[in-house]
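Trainee: sequence below, structure please.
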Amino acid sequence: MASQSWYRGRVKAVPSGDCLVIQALRPNNTGIPSERVITLSSVRVPKLAGKDCSADEPFAWDSREYLRKLCIGKEVVYCIDSVEEPLGLIGTVFLGNDNVAALVVQKGWASVTLPTTTPYYVELQFHMDQAFNKGLGLWSKAPGAAEASIRTLSPQLNLETTKTLLAANKGKRVEAIVEHVCDGSTVLAHLLPEFQFVLVIVSGTQAPYVGRNAYPFASEAKLFTESRVLNRDVHIVLEGVDKFSRLIGSVYYGDSERDLGLELVGNGYAKFVQWSAKVMDEDAKQQLKTAELEAKKSKRRIWTNFVPPATNSKPIHDQNFTGTVVEVVSGECVIVADDSRERRVSLSSIQCPKMGRRGEPAAYAREAKEMLRTRLIGRQVNVQMEYSRKFSQADSESSRVNVAELLVECGFRTVIKHKEFDERSRYYDALLAAETCAIAEKKGLHSSKKAPVVHMTDLTMATAYEAGDVLPSLQRTRRVSAVVEYVFSGHRFKLYIPKETCIISFSLSGVRCPSRVEPYSDEAIAVMRRRLMQRDVEIEVETIDRNGTFVGSLWESGTNVSVALVEAGLAKYIPFGGSGKIQDGHLLERAMKDAKTKKLKIWENFDKQKELKVVVTEVLDSGKFYVRTDGDEKSASIQQQLASLNLEEAPSVSDAFNPKQGDIVLAQYSADNSWNRARIVNVRKDNFKVFYIDYGNQEVVPYSQLRPLIPSAAAVPGLAQLCSLAHVIVPSLEEEFGQEAGEYLSECILDKEFTAVIEGRDISEGKFAKGQGTGPALMVTLVASDNVDSINATMIRNGLATLDTQMKRSWKSRTLREFQQDAKTFRRGMWHGYYESDHHEKKAPPARKAAGSQ
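Mentor: Sure, this is the predicted structure:
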């Protein structure tokens, strides 16, 4: 023992039940550890089938398996006892404190031989006798045990049997033992349990050639593979076969099932190759590509001298997101909106025919865009960011379908031929396969036939006369299918009508959203853009305005969009011609009331634009009138105070009651003999002109019809409030149509209840009321409970008032302007002589005699 040299090493392989390949723990100057083949001293095991033996000897495989599982990959200590031909090195091996030969003999898998060269002969003989007595291993006394231990080896594969084997096991994890490593990416293995001996090329990889004139890092790559899989239990997933009948598959080793191909490529021992990767699934293929890219960037092993080519692409990492497709720009570009913003996303590694900003689009460009629209618009998609050039590139998935691959497969797109180091789609190989299929089937761009031509008429810039040609057809069809091409504002859109093959401008009837300069305009556009952009909708056309815009109702997924806008507080319901003429007018009216109550969006400051329930008590000249607030508590209090007064006896001169101008007194109204509060406006002898401050009317009464008023009742302000119609100009009685306007207004509002929307205040008649028609006036819009149209709008529509030109542009001004245009068109009231030339030159109404003149 003292004269022997002992060495440390690691078991690299176990060729048989009595032989170990032991590798040095440290590499030599070449970088590769030296290795020795050691045959265990003084033991003999059955021979496995090989060149010298066509079949296994009994228990040969069991003997080898015991030693393999006992020692493979483990650190051992060994010494060389002798050198014999043809066995080579004979030695003793210790695994920890155990003699490996003794362990093999003890289990009955080897016999002891003579002459002996080991000092452990006595121990070995003892263990063999014990195993014999127990009937272990070779010494088994069980009937047929020897015959059963002989493996039935499968015949060598040819092209036909290789394909049959692949068909039976493709995609399955097959248990195997690697028997030999040819190079870093090629192994020989036994597939269990049939013991089919196969050569397997690791999918998608190619390690440097091993042999004479070997490539750099060839030995290192082979050693890398040997140290991980040689003589180890692995799982092989067969995926294909090449033209030389070699199987292609993935190899997984270790308890964590690590991918050998991925490890080789990631550590720079092999490169990714397309010819064997085409049998892999896309995710595994992409992982290999990513690993190779990282190895190249880090210049590992075979990529030590790699110089990346110049490229204008830049990778994007960890920026995947989920959103909703709100617009399809073209067959390769979409706009995806998430919770925070909208992003323009182009599908990677493909190019599509251009839509073109002017003129006709390229062949199949419209079909590609339409296919993407029907598949994606309004759908939630997962966007996997890949790389950027001039703008973000990505693959979009909807319902786990790669839409880029789908479009290429239909022949609407071609795949970009990237340079080697360009960033590309992780599904690039699938795109190439889809393009090959489309070319073979002559689809779309690859077809020998001419692309279909669609002639489309754009009426968005046409005059009302030109656009009116399709109006009868649209009205006759009632609900018409359309596609929203663009959202101009919350209530105005650009629509494509497939039936008429035309594009029109369309506006929602009776609904107005804020203009560009008003609050919530952008939000209304954003809501409609996300809800309607490029969606299939239905429309019902009512009319066409003078600008050539079609007006009507629009439904998306069975929902009236106008109602949804008003409910959200993003639009106001302003019926043109009465609620009965508007589709779902009652729903719109109710939706606006609910939005006002909840103070949504445009109604958030609804208190500032206060509404009052009023009763009109007196109508004056030029659109002015007096109102009292309905159910005012002050009115009831004053009536109680007046009822408590003794008003039967007329005052005498001795009572010192001497009313003068400006005093608040009680006056008896001549029409019904009721006593009411009044202000003395003028005094002429015994006649007093009084203004009834609680009603707004005025008359002359004698002294006998006046009574003094207690100070507490006189101090309460008058209940009658002077008002005027907002945003309109009503002619005075001396002006043309002033008499008709005054009579019509009095007929419409006197002694009736209204909702008065306060639009502003007018103090042009003074800050304090001194008589009828004086003092501050509220500028209001009067709306009756049984009519959605305001009195202001009714006066304009009937030609009895004109729009105030000083009014700021808003939804109200647009509506009133439409009513005024309606009065002009039908020559109502003061517009009886109005006409409009083809060039829209406005002519003033002809002169007319003043009202009352003969």
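
Trainee: quick one: contacts for Arg677?
Mentor: Residues near Arg677 by CB atoms under 8 Å, 6 or more residues apart in numbering: 638, 642, 664-667, 692-694, 709, 713-714, 718. All C-beta spots, glycine's among them, are computed from the backbone N, C-alpha and C.

Trainee: would CSV of those residues with pLDDT and secondary structure be doable?
Mentor: Converted to CSV, these look like this (pLDDT from 0 to 100; DSSP: H, G, I helix; E, B strand; the rest coil):
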residue, pLDDT, secondary structure
Ile638, 76, helix
Leu642, 74, helix
Ile664, 91, strand
Val665, 91, strand
Leu666, 90, strand
Ala667, 91, strand
Tyr692, 92, coil
Ile693, 90, coil
Asp694, 89, coil
Leu709, 86, coil
Ala713, 83, helix
Ala714, 84, helix
Gly718, 87, coil
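
Trainee: quick check, Ile201 in contact with Arg246.
Mentor: Yes: taking contacts as CB atoms under 8 Å, Ile201 lies within contact range of Arg246: 5.5 Å.

Trainee: which one of these two has more residues nearby?
Mentor: Per other CB atoms under 10 Å, whichever of Ile201 and Arg246 has more neighbours is Ile201, with 26 against 16.

Trainee: now the helix or strand harbouring that one: average pLDDT?
Mentor: Ile201 belongs to strand 196-202 when assigned by DSSP states H and E. Mean pLDDT, taken over the full extent of strand 196-202, equals 96.

Trainee: what helices or strands is it leaning on?
Mentor: strand 186-191, strand 247-253, helix 260-266 (3 or more CB pairs under 8 Å, 6 or more residues apart in numbering; DSSP states H and E).

Trainee: give the intersection of the neighbour lists for Ile201 and Arg246.
Mentor: With CB under 8 Å, 6+ apart as the test, Ile201 and Arg246 reach no residue in common.

Trainee: touching the strand holding Ile201 from outside, list them.
Mentor: 153-154, 156-157, 165, 179, 182, 185-191, 236, 238, 242, 246-251, 260-261, 264, 270, 276.

Trainee: just to revisit the earlier point, I'd like to know which of the contacts of Arg677 are buried.
Mentor: Listed as buried from the contacts of Arg677 are Ile638, Leu642, Ile664, Val665, Leu666, Ala667, Tyr692, Ile693, Asp694, Leu709, Ala713, Gly718; burial here means 16 or more other CB atoms under 10 Å.

Trainee: let's have the residues you listed in TSV, adding distance to Val517.
Mentor: Written out in TSV, the entries for those read as follows (distance: CB to CB, whole Å):
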residue	distance to Val517
Ile638	46
Leu642	52
Ile664	47
Val665	52
Leu666	53
Ala667	51
Tyr692	44
Ile693	42
Asp694	42
Leu709	52
Ala713	49
Gly718	39
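
Trainee: how many residues are close by the closest residue to Leu247 other than its chain neighbours?
Mentor: Using CB to CB, 6 or more residues apart in numbering and skipping residues adjacent in sequence, the residue nearest Leu247 is Val200, 5.0 Å away. If you count neighbours by other CB under 10 Å, Val200 ends up with 25.

Trainee: I only care about the contacts of strand 196-202 that end up buried; give me the PyMOL line for that.
Mentor: Typed into PyMOL, the line below selects the buried ones among the contacts of strand 196-202, using 16+ other CB under 10 Å:
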select buried, resi 157+165+182+185+186+187+189+190+191+236+238+246+247+248+249+250+251+260+261+264+270+276
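
Trainee: measure Tyr209 to Leu188 for me?
Mentor: In this structure, Tyr209 and Leu188 are 17 Å apart, going by CB to CB, to the nearest Å.

Trainee: and what about Val616, helix, strand or coil?
Mentor: The local conformation at Val616, judged by DSSP: H, G, I helix; E, B strand; the rest coil, is strand.

Trainee: what's the following helix or strand after the strand holding Ile201?
Mentor: strand 205-206.

Trainee: which other helices and strands does whatever helix or strand comes next after that following strand contact?
Mentor: Moving toward the C-terminus from strand 205-206, the first helix or strand encountered (DSSP H and E) is helix 218-229. Using 3+ CB pairs under 8 Å, 6+ apart, the elements in contact with helix 218-229 are strand 6-16, strand 173-183, strand 247-253, helix 260-266.

Trainee: please save the CA atoms from the second one in PDB.
Mentor: Looking back up the chat, that one is strand 173-183. Extracted as PDB, the C-alpha positions of strand 173-183 are listed here (Å, rounded to 0.1, in the frame of the first residue of the first chain):
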ATOM      1  CA  ARG A 173     -40.800  12.200 -23.200                       C
ATOM      2  CA  VAL A 174     -39.000   8.900 -23.700                       C
ATOM      3  CA  GLU A 175     -36.600   7.500 -21.000                       C
ATOM      4  CA  ALA A 176     -33.100   6.900 -22.300                       C
ATOM      5  CA  ILE A 177     -29.500   6.300 -21.300                       C
ATOM      6  CA  VAL A 178     -26.800   8.100 -23.200                       C
ATOM      7  CA  GLU A 179     -24.100   5.700 -24.200                       C
ATOM      8  CA  HIS A 180     -21.800   7.900 -26.200                       C
ATOM      9  CA  VAL A 181     -21.300  11.600 -27.100                       C
ATOM     10  CA  CYS A 182     -20.200  12.100 -30.700                       C
ATOM     11  CA  ASP A 183     -19.900  15.900 -30.400                       C
END
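
Trainee: who's in contact with that strand?
Mentor: By CB under 8 Å, 6+ apart, the residues outside strand 173-183 that reach it are 187-193, 197, 199, 207-210, 218, 221-222, 225-226, 229-238, 251-252.

Trainee: one more: the last one?
Mentor: Outside of helix 260-266, the residues within contact range by CB under 8 Å, 6+ apart are 184-185, 202-205, 207, 221, 224-225, 228-229, 234, 250-253, 270-272, 287-288, 291-292, 294-295.

Trainee: which regions of the stretch 401-550 of the chain sit below the pLDDT cut-off?
Mentor: Applying pLDDT under 70 to the predicted model, the residue ranges of the stretch 401-550 of the chain that meet it are 401, 413, 419-423, 453.

Trainee: quick one, strands of it?
Mentor: Along the stretch 401-550 of the chain, counting by DSSP state E, counting those that start in this stretch, strands occupy 401-402, 414-415, 457-458, 479-487, 492-497, 502-508, 511-512, 536-544, 550-556.
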